[in-house]
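**Q** here is my input, please return the structure:
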Amino acid sequence: HGRVDGKQFVVGKRSYDVVILPPGTENLDGATARLVRKYMEAGGKLTSYVSGELLVDGAAGGFTIARSAEEPANPEITRVEGAMLFHQRRRLKDGELWFFANSSLDAPAGATVRTRAKSVERLDPLAGGAAPYPAAIANGLLEFSVALPPAGSLLIAVKDEMGPAAATPQPVTTELVLARSSLAVERSAPNAIRIDYCDLTLNGVTQKDVYFFRAADEVFKAYGFQEGDPWNMAVQFKTSILDRNKFSPDSGFEATFWFDVAEGVNTAPLRAVVERPALWTVWVNGSPVESQRGQWWLDVDFGMYPIGPRVKPGRNSLKIAARPMSVHNELEPVYIIGDFGAVAQEKGFRVVPASPLNLGSWKEQNLPFYADTVSYTKRFELQRGGRYKVVLGKWAGTVAEIRVNGKSAGIIGWQPYELPIDGVVQSGENRIEVLVSGSLKNLLGPHHGNITRGLASPASVRNAPVTMPSGAQYDQLPYGLMDDFQVVRLK
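**A** The predicted structure follows:
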């Protein structure tokens, strides 16, 4: 899709006046190297942050390049603080867009920027607004500062036309508003446990306590798939895997998942969750159960089974069977959901009675797999027209939504961990709620092996202990509101 047209470098339907080789460039594929060389020979402008011989297709290819004579830095940026401050810049007909991002999760970052533009605006991608941004004239240029907290970002529009000046910030003091009620903490969804080890019965032989991933491989290998589970180990070309869906009527296998239930658990609302229920026959403690038609959890292919009446205190079995075998019968973990707690034991987790929640990690409050939201609520006496904000202390989650009297006031997801609520308060008592959201990491994993936080792929669930480990060894994150939230009044 690339070609050279005079001094233009063309990719598809776009043409470019400048080609940039960024810092860290070490290798070019052969086609790209030939195009870049042809572009340079035609007099095209190449700006390079690297110099010397570059590899071509991973080998020495005689492609030598000199660093650009003019420094390809942005002269408008005169001061940078922080090692992880990055920016992107786009020229427009009437000015430029600048996007600054601090990629550090721990340290702040900043910069001073000078531009020949005549006005500066801050754009708010979340709310969709724009407002004048503080700037001043310095040595004939318009100068503004960038100050970002960890993981912070800033989107700026610099314009060629004059615009309104930013209002001078007024000194602000804050006053803590005392709550009129104690903190109430509730989860908004059922709790869950994930059972990822089973007893596998295949060709009349039962293997005890097998990790589901290995069990799936064993099943497919027994039916001629030398590579194991084809959905994890192969890439389907057209219908190459589906074309192997040829099994005898007496083929199949069984997988039995075990879970322990303590005395006092409210078993009535318990549900089992099995992926693709149409593929399986399911029993609980030897009694057949059917999936609830039209009911699902997490995904439309996660079928729900009402198992409460068949669950007893102590050891319980959930058996699924494929008869006959199908190429679609890929074995996956099963889940138990309901109103309960989950406590780590020598092997996996034990279902225990639900207990009241408080501040602190959900993981330490018998919710190690919980992936939904927990609500933290207090009541405050406020006045309409006053200036207030909600301030979070230490917390962990993907995002926190703030609701005032049941209405969403916005979200908190990055520093500073605070949110104005002026426009939604009423005179008198106000119910203020902080809803902290977890993630599917604690529920779906990966839970075992050499885990890289932030990365999840089929390979991430491949490795696990030979037999089910203690629940304390499952890798799970401590989500929750650790410190009580505050409401402050701005004066």
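**Q** when you work out contacts or count neighbours from here on, use the C-alpha atoms and nothing else.
**A** Fine.
**Q** how about the helices in the chain?
**A** 30-41, 212-222, 230-233, 441-444 (DSSP state H).
**Q** kindly export the third one (C-alpha atoms) in PDB.
**A** Meaning helix 230-233. Extracted C-alpha coordinates of helix 230-233, given in PDB (Å, rounded to 0.1, in the frame of the first residue of the first chain):
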ATOM      1  CA  PRO A 230      -7.600 -26.900  19.100                       C
ATOM      2  CA  TRP A 231      -9.300 -23.700  20.200                       C
ATOM      3  CA  ASN A 232      -6.200 -22.800  22.300                       C
ATOM      4  CA  MET A 233      -3.400 -24.500  20.400                       C
END
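**Q** what pLDDT, on average, does that helix get?
**A** Across helix 230-233, pLDDT averages out at 89.
**Q** give me the buried positions along that helix.
**A** Buried positions in helix 230-233, judged by neighbour count with 16 or more other CA atoms under 10 Å: P230.
**Q** use 146 as the first number for this chain going forward.
**A** Sure, I'll start numbering at 146, so the last one becomes helix 375-378.
**Q** please name every helix or strand in contact with it.
**A** Of the remaining helices and strands, none touches helix 375-378 by 3 or more CA pairs under 8 Å, 6 or more residues apart in numbering; DSSP states H and E.
**Q** and for it, what are the contacting residues?
**A** Here helix 375-378 makes contact (CA atoms under 8 Å, 6 or more residues apart in numbering) with F365, E372, I386, E475, P603.
**Q** check the second one too.
**A** When contacts are taken as CA under 8 Å, 6+ apart, the neighbours of helix 357-367 outside the stretch itself are 341-343, 345, 347, 371-375, 398, 475-478, 606-607.
**Q** ok, now with 10 Å
**A** Residues from elsewhere that reach helix 357-367 (CA atoms under 10 Å, 6 or more residues apart in numbering): 340-348, 352, 354-355, 370-375, 377-378, 397-400, 402, 470-472, 474-479, 603, 606-609, 611.
**Q** please identify the buried residues of that helix?
**A** Buried-residue list, helix 357-367, by 16+ other CA under 10 Å: F357, F358, R359, A360, A361, D362, E363, V364, F365.
**Q** for N575, state which of the residues you listed is nearest.
**A** F357 (49.1 Å; CA to CA).
**Q** how many other residues sit next to the nearest residue in space to W243 that is not next to it in sequence?
**A** Take W243 and drop its neighbours on the chain: the residue closest to it by CA to CA, 6 or more residues apart in numbering is R234, 4.6 Å away. Residues lying near R234 (other CA atoms under 10 Å) number 14.
**Q** before we move on, what about G551?
**A** Neighbour tally, G551, other CA under 10 Å: 11.
**Q** list the contacts of it.
**A** So G551 contacts N575, R576, I577, E578 (CA under 10 Å, 6+ apart).
**Q** of the contacts of helix 375-378, buried ones?
**A** F365, I386, E475.
**Q** circling back: by neighbours, which of the contacts of G551 wins?
**A** E578 (27 neighbours).
**Q** now do it against R529, distance only.
**A** 18 Å (CA to CA, to the nearest Å).
**Q** again, but for I282
**A** From I282 to R529 the distance is 39 Å (CA to CA).
**Q** circling back: can I get the helices of the chain in JSON lines including distance to T313?
**A** Formatted as JSON lines, those follow (distance: least, CA to CA, whole Å):
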{"stretch": "helix 175-186", "distance to T313": "50"}
{"stretch": "helix 357-367", "distance to T313": "61"}
{"stretch": "helix 375-378", "distance to T313": "59"}
{"stretch": "helix 586-589", "distance to T313": "44"}
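**Q** and these: which comes nearest P498?
**A** helix 586-589 (19.4 Å).
**Q** what's that closest one in contact with?
**A** Counting by CA under 10 Å, 6+ apart, 337-339, 341, 478, 480, 508, 512-517, 592, 598-601, 606, 619-624 sit against helix 586-589.
**Q** filter those down to the ones in strands?
**A** A337, I338, R339, Y480 (DSSP state E).
**Q** could you pick out the buried ones from the residues you listed?
**A** Buried by 16+ other CA under 10 Å: A337, I338, R339, Y480, out of the ones in strands among the contacts of helix 586-589.
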